[in-house]
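**Q** need a 3D model of the sequence below.
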Amino acid sequence: MKAGFGIIMIALGIFLIYWAESHSPKDLGKVIGNTFSGGYTLSEPWYYVCLGAGILVGVVGILRTYKSMK
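**A** Got it, this is the predicted structure:
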C-alpha cells in the first residue's frame with residue numbers, strides 16, 4: 001500500500017512540474033499565446049511555488065517508494 005501512495009505522489013509531482021512549465025511566465029511566446037487563446041499564465045512567484053512543490057512531492061514520493069520496497 002505504501003508503494004502505491006509513493007507512486008501517486010510521484011505522478012502528482014510530475015503533474016505539478018508539467019503544470020508550472022506549461023503555464024510559465026518566462027516564455028514570452030507562451031504568454032502571448034495564452035493571452036489570445038484564453039489560457040492561463042502563472043505569476044512568477046506562483047510559478048516557483050508550483051515548481052518547488054512539484055519537486056518536493058516527487059522526491060518524497062520516490063523516497064517513500066524506495067523505503068517501502070526495502
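**Q** so who does Ile10 touch?
**A** Shown in contact with Ile10 (Cβ atoms under 8 Å, 6 or more residues apart in numbering): Gly58, Gly61, Ile62, Thr65. Glycine gets a C-beta too; all of them are placed from N, C-alpha and C.
**Q** can you pull the pLDDT of the second one?
**A** As predicted, Gly61 sits at a pLDDT of 94.
**Q** residues in contact with it?
**A** Gly6, Ile7, Ile8, Met9, Ile10, Ala11, Leu12, Gly13.
**Q** for Tyr66, same thing?
**A** Tyr66 touches Gly6, counting by Cβ under 8 Å, 6+ apart.
**Q** that one: which element?
**A** Take DSSP states H and E as the rule and Tyr66 turns out to sit in helix 44-69.
**Q** look at Ser24 and tell me its secondary structure.
**A** Secondary structure for Ser24, judged by DSSP: H, G, I helix; E, B strand; the rest coil, is coil.
**Q** okay, now it: neighbour count?
**A** Counted with other Cβ atoms under 10 Å, residues neighbouring Ser24 total 17.
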